[in-house]
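Novice: Here is a sequence with its predicted model. Questions after.
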Amino acid sequence: MQKLSVVVPCYNEVENIDDFYAELMKNNAFFEKRELDVEVLYVDDGSSDGTADKVKELAKKDNRVHLLSFSRNFGKEAAIYAGLQNAEGDYVVFMDADLQDPPALLPEMFGYIDEGYDSVATRRVNRKGEPPIRSWFARRFYHMINRMSKTEIVDGARDYRLMTRQFVDSVLQITEYNRFTKGIFGWVGYKTKWIEFENIERKKGETKWSFWKLFVYALDGIVAFTTEPLAIASIMGVLFCFLAFVLIVVTIIRKLVFGDPTSGWPSLVCIISLVSGVQLFCLGIVGQYLAKTYLEVKKRPIYLVKEKI
């Protein structure tokens with residue numbers, strides 16, 4: 001009998017634990033027909049609202065339910081990696097506990113696996129319910145990173161993905177500390193089928209992703225999967241060197257033709273401010289890459305487990 005591991009990253013989702021389980025188990029008839037042994041692995045990312053206790057209660061009722069609880073909040077990327085490392089199934093699927101990833105799609109996803117696909121991924125066809133400014137920036141991010149990176153990252157991609165064991169093992173070979181899973185899934189390759197569905201708003205609770213957190217996450221993705229910003233910084237440096245040379249020539253000509261006029265201080269201040277701003281911007285780009293390198297070489301663990309059942 002083959003085994004399916006359902007990995008559910010959780011952070012303060014106590015209200016959704018039971019609802020998610022009930023929705024997932026509506027597929028029991030399909031699991032039995034396909035002869036799938038199912039394990040549900042909740043990865044508690046340092047929740048403070050009793051999420052771990054709720055999962056323990058559920059585990060007492062169903063021995064297929066398991067818990068992996070972190071010592072603190074390490075972030076969703078760490079939770080996804082921990083889920084992959086601890087999943088024992090021949091197939092692994094990620095789902096969010098807030099029911100924005102409909103479990104009802106599982107039979108369709110397995111149908112594509114049977115056709116020879118190595119993974120079946122999902123994407124939203126719209127962003128209904130999101131603030132317009134967040135949706136606009138999200139679309140710009142996907143447009144920009146796909147222009148800069150050789151790894152395709154699909155606009156609207158969700159973490160909801162069904163994978164074969166071979167696909168999972170390949171992802172686990174990437175042990176980097178600064179993880180951007182959407183990019184990693186694209187980087188490992190394999191034959192992937194994309195399923196589209198309408199955006200579903202969370203049933204209970206509030207999203208943990210503020211605009212600032214999403215912005216930082218986007219920067220992490222850019223730094224993780226392209227060095228194009230470094231090239232842009234280099235090009236800007238060359239352009240400003242050329243501009244400085246032109247201004248030197250202009251200054252010499254003005255000196256020879258018009259003498260030594262005292263005018264021009266405002267423009268000089270503006271030019272210095274502009275060049276300084278560009279220098280700081282380029283240093284910031286270099287600093288981002290240095291910071292990620294620093295974190296990598298320290299070899300700290302990606303997560304720490306407090307409890308496992």
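Specialist: Nice, thanks for sending it over.

Novice: which stretch of helix or strand covers Leu4?
Specialist: strand 2-10 (DSSP states H and E).

Novice: Over to Leu67?
Specialist: Judged by DSSP H and E, Leu67 forms part of strand 65-70.

Novice: Just the angle for the strand holding Leu4 relative to strand 65-70, thanks.
Specialist: 40 degrees (axes from the mean of the first three to the mean of the last three C-alpha atoms, to 10 degrees).

Novice: tell me the mean pLDDT over strand 2-10?
Specialist: Per-residue pLDDT over strand 2-10 has a mean of 86.

Novice: which residues in the stretch 151-300 of the chain form strands?
Specialist: 157-164, 192-197 (DSSP state E, counting those that start in this stretch).

Novice: Need the winner for burial among these.
Specialist: Compared across the strands of the stretch 151-300 of the chain, strand 157-164 shows the largest average neighbour count, a mean of 22 (mean count of other C-beta atoms under 10 Å). In this view, the C-beta of every residue, glycine as well, is placed from N, C-alpha and C.

Novice: In PDB, list the C-alpha atoms belonging to that strand.
Specialist: Output in PDB follows, covering the C-alpha atoms of strand 157-164 (Å, rounded to 0.1, in the frame of the first residue of the first chain):
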ATOM      1  CA  ALA A 157       1.700  30.100  -7.500                       C
ATOM      2  CA  ARG A 158       0.500  28.500  -4.200                       C
ATOM      3  CA  ASP A 159       2.500  26.200  -1.900                       C
ATOM      4  CA  TYR A 160      -0.300  23.600  -2.500                       C
ATOM      5  CA  ARG A 161       1.600  21.000  -4.400                       C
ATOM      6  CA  LEU A 162       1.500  17.200  -4.800                       C
ATOM      7  CA  MET A 163       4.900  15.600  -5.300                       C
ATOM      8  CA  THR A 164       6.300  12.200  -5.900                       C
END
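
Novice: Determine the set of other helices and strands touching that strand.
Specialist: Packed against strand 157-164, as judged by 3 or more C-beta pairs under 8 Å, 6 or more residues apart in numbering; DSSP states H and E, are the following elements: strand 91-94, helix 106-114, strand 119-124, helix 181-188.

Novice: Now do that strand against helix 181-188: the angle between them, please.
Specialist: 50 degrees.

Novice: ok, residues contacting strand 157-164?
Specialist: Residues outside strand 157-164 that contact it (C-beta atoms under 8 Å, 6 or more residues apart in numbering): 9, 76, 80, 90-96, 100-101, 105-106, 109-110, 113, 118-124, 171, 181-182, 185.

Novice: partners of the strand holding Leu4, with directions?
Specialist: Each strand that pairs with strand 2-10, with its direction, by DSSP bridges: strand 36-44 (parallel), strand 91-94 (parallel).

Novice: In that strand, which residues are buried?
Specialist: Leu4, Ser5, Val6, Val7, Val8, Pro9, Cys10 (16 or more other C-beta atoms under 10 Å).

Novice: Contacts only, for the fourth one.
Specialist: Contact criterion C-beta under 8 Å, 6+ apart gives Leu41, Val43, Ile80, Gly83, Leu84, Ala87, Val92, Val93, Phe94, Met95 as the residues in contact with Val7.

Novice: For it, give the beta-bridge partners.
Specialist: Under the criterion used (DSSP bridges), Val7 bridges to Leu41, Phe94.

Novice: Can you give the contact residues for the helix or strand just after the strand holding Leu67?
Specialist: The element immediately downstream of strand 65-70 (helix or strand, assigned by DSSP H and E) is helix 76-86. Here helix 76-86 makes contact (C-beta under 8 Å, 6+ apart) with 5, 7-11, 41, 43, 45, 68, 70, 92, 94, 159, 168, 171-172, 179-181, 302-303, 305, 308.

Novice: Run the angle between helix 76-86 and strand 36-44 for me.
Specialist: 140 degrees.

Novice: Show me what the mean pLDDT comes to for helix 76-86.
Specialist: Helix 76-86 comes out at a mean pLDDT of 86.

Novice: Now do the buried residues in that helix.
Specialist: Quick answer for helix 76-86 (16+ other C-beta under 10 Å): Lys76, Glu77, Ala78, Ala79, Ile80, Tyr81, Ala82, Gly83, Leu84, Asn86.

Novice: Tyr289 is nearest to which of the strands paired with strand 2-10?
Specialist: strand 91-94 (28.5 Å; C-beta to C-beta).

Novice: Let me see the mean pLDDT of that closest one.
Specialist: 88.
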